[in-house]
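Visitor: please work out how this folds:
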Amino acid sequence: MAIGGPSDELTDYSRQGEEARGELHLRTGRDLDAVDDGSTTARMLREWVDARVAASAAGDDQYLVRIIGGPVEGIRSTFDNMARVTTGDWELIVSRLGKVPAAIASARSGIECARAAGRIEPRRQVLAVAEQCDIFGGSGNGSGWFATLAEECRHTVCTGPLPDAADRAALDAAVAYRDLGTWLRADYAPVAADSDGVGPERYARAARIVLGAELDSAEAYAWGWQELHRLDAEIAALCEAIVPGAPLVTVKATLDQSTAIEGADAWRGWLQDLIDATIDRLQGTAFDIAPPLRRCEAMLPPPGVAAAPYYTPPAEDFSYPGRTWFPTVGRTRFPTWDMATTSFHEAVPGHHLQLGWVRVLNDRLCRFRRIAAVDAHGEGWALYAERLMDELGMLEDPGQRLGFLAFQALRAARVVVDMGLHLGLRIPADDPFHPGERWTPEVAIAFLVERAGLSAAFAASEVDRYLGWPGQAISYKLGEREWLAAREEATRRDRPAFDLKAWHAQALDLGSLGLAQLREELRRLSPA
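Guide: Below you'll find the predicted structure:
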């Protein structure tokens, strides 16, 4: 988060570390009891703390084997936004590299403690994380992501002992990753759980954290299917217009060929140009974008990360900018027809504008409100941003609009797949896809291929992600629903004085809030 300046520290994932974080939440809750004044910040902090205390008391924080959001991905990703220019920058990186083996050891210790307490991870997730360890750690000759980082150090700092120190630290880090992968595969996987879902109680606790509200699972599951069916009809009509008589998968394959860019660097350049052009087009119209936010970098993450693009916000002091990360997933040719809506989601007017916006409010929002993020608030806004760009006429190209609709369908599919897998729900009897059957990972992968048009590899990565991060996948559509409802309410209430740009500014000024609180706060906004 770049709070307090650069750091070479890494997280302690041992049980002692988890207990320390749990005690921090308890202590914060006790302190809040004495000063709670009913303010926006106090109410957000109360919900934040209470949801995490409940999860910690149930032992949910002991489930560490997850392909996204877990230690294996988290430790490596801490290096992504570190400065890599001066000798001092590289000294910090090498120091942090030297702490990777201890951090990995703490993760293994935490996993072993959880297993001893009866919290057994699903085998599918264990094997996926073991493969992730292999990718990051590389082969036995010391290659892999950490060796690449050390090589960059040698090219930047050509003389002195630092490049050799980087080589040694990178090798130790890679060995630690490979050893963890070997242990997970050989020791843990044979005793791992057969079931992939977490069940209704743990799912409800997880959903409360990502939504900032209690989940009505029956209502959300039914609504997810309703939304998916609505999108199915729109997609079918647009597919007919692009390639008459062809299903979504065929139309996507056609667009993949006709819009592809050769080479990862050229693709990254195309994405950067799109982000820059979008900022220029929106500035002064739907938003007033502060100067520090008028730069958002398109980046290519290393192999091993999940297949979906993601965003990292700027440093608190803007020492590095916001960055959108677009995984290549082993490809050398990159279709562009579906990337406009993804760029709008991850960069502007999506995550970059939302998360960067509050970082310029140092004199108006406390640090907690500027830094803390509720998934449904953030992902809901980013999905709303995609829809806003469609409403503003910036997705008029049929292929790009199909990309928007297909990704909307993916987010609706996430609601039913995530809940279906974790809660053991059945597919509705009136749906043509496996009617009445219970969800399994294999059924979910086939469903995402058929209904969202994903490749089998991307769909498999998505399912691994859902199973490792219960509840997060539903935050997109349920969050977007709340943003759209709030805007519609404000439009009706304030007509004819409603000003979209002013509403956006006031809404973003609030910072991240849980869905239960968001609607109440947005209702208090006055017409500009």
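
Visitor: what is the burial count for residue 414?
Guide: 24 (other C-beta atoms under 10 Å). C-beta: built from backbone N, CA, C; applies to glycine.

Visitor: could you double-check that it lies in contact with residue 474?
Guide: Yes: using C-beta atoms under 8 Å, residue 414 is in contact with residue 474, at 6.5 Å.

Visitor: quick one: the residue nearest the centre of the chain and residue 325, what's the gap?
Guide: Per C-alpha atoms, centre = their mean, the C-alpha nearest to the average position across the chain is that of residue 310, at 5.6 Å. Distance, residue 310 to residue 325, using C-beta to C-beta, to the nearest Å: 5 Å.

Visitor: check residue 512 too.
Guide: Relative to residue 325, residue 512 is positioned 20 Å away (C-beta to C-beta).

Visitor: so which bits of the one helix or strand in the chain whose mean pLDDT sits lowest are buried?
Guide: Least confident element among the helices and strands of the chain, by mean pLDDT, DSSP states H and E: helix 367-371 (a mean of 89). Neighbour counts over helix 367-371 (16 or more other C-beta atoms under 10 Å) mark 369, 370, 371 as buried.

Visitor: out of the residues you listed, which is nearest to residue 88?
Guide: Taking C-beta to C-beta as the measure, residue 88 sits nearest to residue 371 out of those, at 25.2 Å.

Visitor: tell me how many other residues crowd residue 130.
Guide: Using other C-beta under 10 Å, the number of residues around residue 130 comes to 21.

Visitor: can I take it that residue 323 is in a helix?
Guide: No: if the criterion is DSSP: H, G, I helix; E, B strand; the rest coil, then residue 323 is strand and not within a helix.

Visitor: comparing residue 512 and residue 325, which residue is more hemmed in?
Guide: Using other C-beta under 10 Å, the more surrounded residue of residue 512 and residue 325 is residue 512, with 24 against 19.

Visitor: how much space between that one and residue 323?
Guide: Distance, residue 512 to residue 323, using C-beta to C-beta: 19 Å.

Visitor: helix or strand for the spatially closest residue to residue 287 that is not a sequence neighbour, which one?
Guide: With sequence-adjacent residues excluded and distances taken as C-beta to C-beta, 6 or more residues apart in numbering, residue 287 is closest to residue 504, at 5.7 Å. Using DSSP states H and E, residue 504 maps to helix 500-509.

Visitor: now the strands for the protein?
Guide: Assigned by DSSP state E, the chain shows strands spanning 261-262, 296-299, 310-312, 322-325, 333-334.

Visitor: got those as CSV, with distance to residue 460 and mean pLDDT columns?
Guide: CSV is the format used below for the strands of the chain (distance: least, C-beta to C-beta, whole Å; pLDDT from 0 to 100):
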stretch, distance to residue 460, mean pLDDT
strand 261-262, 25, 97
strand 296-299, 24, 97
strand 310-312, 18, 94
strand 322-325, 20, 96
strand 333-334, 20, 96
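
Visitor: using a markdown table, lay out those strands together with distance to residue 480.
Guide: Listed next are those as a markdown table, based on distance: least, C-beta to C-beta, whole Å:
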| stretch | distance to residue 480 |
| --- | --- |
| strand 261-262 | 29 |
| strand 296-299 | 21 |
| strand 310-312 | 16 |
| strand 322-325 | 19 |
| strand 333-334 | 27 |
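
Visitor: nearest to residue 519, out of the ones you listed?
Guide: With C-beta to C-beta as the criterion, residue 519 lies closest to strand 310-312 of those, at 24.6 Å.

Visitor: which strands or helices does the closest one pack on?
Guide: strand 322-325, helix 351-357 (3 or more C-beta pairs under 8 Å, 6 or more residues apart in numbering; DSSP states H and E).

Visitor: now the first one, how far from the centre of its chain.
Guide: Looking back up the chat, that one is strand 322-325. When C-alpha coordinates are averaged (C-alpha atoms, centre = their mean, to the nearest Å), strand 322-325 and its chain have centres 12 Å apart.

Visitor: apart from its neighbours in sequence, what residue is nearest residue 416?
Guide: Leaving aside its chain neighbours, residue 416 sits nearest to residue 224 (4.4 Å; criterion: C-beta to C-beta, 6+ apart).

Visitor: show me the contacts for the one you found.
Guide: Contacts for residue 224 were tallied using C-beta atoms under 8 Å, 6 or more residues apart in numbering; they are 412, 413, 415, 416, 419, 474, 477.

Visitor: can you rerun that using 6 Å?
Guide: When contacts are counted by C-beta atoms under 6 Å, 6 or more residues apart in numbering, residue 224 touches 412, 415, 416.

Visitor: quick one: it from residue 125, how far?
Guide: 23 Å.

Visitor: what's the answer for residue 482, then?
Guide: 30 Å.

Visitor: circling back to that earlier point, got the contact list for the residue nearest to the centre of the chain?
Guide: Residue 310 touches residue 325, counting by C-beta under 6 Å, 6+ apart.

Visitor: cool, and the one 4 residues further on?
Guide: The neighbours of residue 314, taking C-beta under 6 Å, 6+ apart as the test, are 321, 322, 356, 359.

Visitor: and which of those residues is nearest residue 392?
Guide: Once C-beta to C-beta is applied, the member of the contacts of residue 314 that ends up nearest residue 392 is residue 356, at 20.0 Å.

Visitor: count the neighbours of that closest one for me.
Guide: By the criterion of other C-beta under 10 Å, residue 356 has 25 neighbours.

Visitor: same deal with residue 384?
Guide: Around residue 384 there are 25 residues (other C-beta under 10 Å).

Visitor: check the closest residue to it other than its chain neighbours and give its pLDDT.
Guide: In this structure, residue 384 finds its nearest non-sequential neighbour in residue 483, 4.2 Å apart by C-beta to C-beta, 6+ apart. You'll see residue 483 listed with a pLDDT of 96.

Visitor: counting neighbours, what do you get for residue 483?
Guide: Residue 483, neighbours per other C-beta under 10 Å, totals 24.

Visitor: low-confidence stretches in this structure?
Guide: Residues of the chain meeting the criterion pLDDT under 70: 1-2, 140-142, 526-528.

Visitor: can I see the domain layout of it?
Guide: Domain assignment of the chain by automatic domain parsing yields the ranges 15-194, 208-474.

Visitor: now tabulate those domains in CSV and tack on distance to residue 491.
Guide: Converted to CSV, these look like this (distance: least, C-beta to C-beta, whole Å):
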stretch, distance to residue 491
domain 15-194, 23
domain 208-474, 12
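
Visitor: what about these, which gets the closest to residue 517?
Guide: domain 15-194 (5.8 Å).

Visitor: among the helices and strands packed on strand 310-312, which is the most enclosed?
Guide: Comparing those by mean neighbour count (mean count of other C-beta atoms under 10 Å), helix 351-357 ranks first with a mean of 26.

Visitor: got the contact list for that helix?
Guide: Identification of contacts with helix 351-357 by C-beta under 6 Å, 6+ apart yields 293, 296, 311, 313, 314, 322, 381, 382, 508.
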